[in-house]
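Student: A predicted structure for the sequence below; I have some questions about it.
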Amino acid sequence: MKKEVAFICDNARNFLVRSMLDELKEAEWTAEIYSTSMSNYDFTKTSYKLFIIYIDDFNKDTEKMLSSMQKMVMNDKSNTKQLYIVGTEEDIKQAYKFIDLTLVAHAFKRPVNVDSIIRELNINITNPASDIDSKSIESIKAKLRNENKKTIMIVDDDDIYLRTIENWFISDYNVYTTASATSALSMVKSIPFDLILLDYEMPVLSGLDFLRIIRSEEKTKNIPVIFLTAKDDKNVVLEILKDKPTGYLLKTTAPITLKYNIKQFFEGKPIWWKSEDEV
């Protein structure tokens, strides 16, 4: 897949938009700019598979564009078109009134680290949604799996923390990382992960939603999931524990302690984590 993306926004002269487009260009991505007012434009006639909607001022044009994008993705028989949204937390919540959240590959909250957007785009062209076939899966397996190591998937929308924790584990385990729970869903059905380390608070699909989905499917229901999150609110923890995750660890856990806990898990020994009695 070519490194090209349709970039939809209200004002292409916006400083933040220009900065984002410059960073995409530096990363060798070609971004074609379209106005949010072009909701009647037939994007199916373009070669673009990836679309970014940058929400600066949520208005009627934004509503129409989101509805148009929803129809496009739903009618995409090739299952190759991917939609990304950039906006404030309130913008993103508003967007989900006009487009089904399951049709959004990833939503990025402003202010956004453009590196995290580029990372997701690069993952998509490496493993596009339509490319999850036996050949590509075997390729990913070969890249990930050292038979002498356990395989961990880490899911967290904080790109900096994601890279940090990957560095902590990469010498001891096969590690796959993704900043999107929706991307993780497409992988978890095909790759035999030994453990998933999962953030709780993520856009589009929360960690708890992700857990409930994989628990509902026969093929993935037994994959161990340990929450690794900054959330220590009593009500949130109790809500998560109802779905019986394998563990619940805080991001404030020291690296040496975190690594010890994961080692304990793979050795079949108890790990320290919050139980209902400790909340």
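Tutor: Ah, there it is. Numbers count the residues shown, from 1 in each chain.
Student: Just grab the bridge partners of Thr151 for me.
Tutor: Asn174 (DSSP bridges).
Student: Can you report how many residues lie near it?
Tutor: Thr151: 17 surrounding residues under other Cβ atoms under 10 Å. All C-beta spots, glycine's among them, are computed from the backbone N, C-alpha and C.
Student: these two touch, right, it and Ile196?
Tutor: No. With contact defined as Cβ atoms under 8 Å, Thr151 does not count as touching Ile196 (10.0 Å).
Student: if I look at Lys242, how far off is Arg163?
Tutor: 32 Å (Cβ to Cβ, to the nearest Å).
Student: Which one of those two is surrounded by more residues?
Tutor: Arg163 (14 against 9).
Student: which ones are touching the nearest residue to Arg110 once chain neighbours are set aside?
Tutor: Of all residues not flanking Arg110 in the chain, Thr88 sits nearest, at 5.3 Å (Cβ to Cβ, 6 or more residues apart in numbering). Thr88 is in contact with 55, 109-110, counting by Cβ atoms under 8 Å, 6 or more residues apart in numbering.
Student: Would you map the helices across the stretch 101-250 of the chain?
Tutor: 114-126, 134-144, 159-169, 181-188, 207-215, 234-241 (DSSP state H, counting those that start in this stretch).
Student: The first one - contacts with which helices or strands?
Tutor: Here helix 114-126 touches helix 15-26, strand 50-54, strand 82-87, strand 104-109, helix 159-169, helix 181-188, going by 3 or more Cβ pairs under 8 Å, 6 or more residues apart in numbering; DSSP states H and E.
Student: for the following helix or strand past the third one, what is the average pLDDT?
Tutor: Read it as strand 82-87. Following strand 82-87 in sequence order, the next helix or strand is helix 89-95 (DSSP states H and E). Helix 89-95 comes out with an average pLDDT of 87.
Student: What residues of helix 89-95 count as buried?
Tutor: For helix 89-95, the neighbour count (16 or more other Cβ atoms under 10 Å) marks 91-92, 94-95 as buried.
Student: contacting residues for the residue nearest to Leu205 when sequence neighbours are not counted?
Tutor: The shortest distance from Leu205 to any non-neighbouring residue, by Cβ to Cβ, 6+ apart, is to Ala181 (3.9 Å). By Cβ under 8 Å, 6+ apart, the contact list for Ala181 reads 155, 198, 202, 204-207, 209-210.
Student: Great, nothing more from me.
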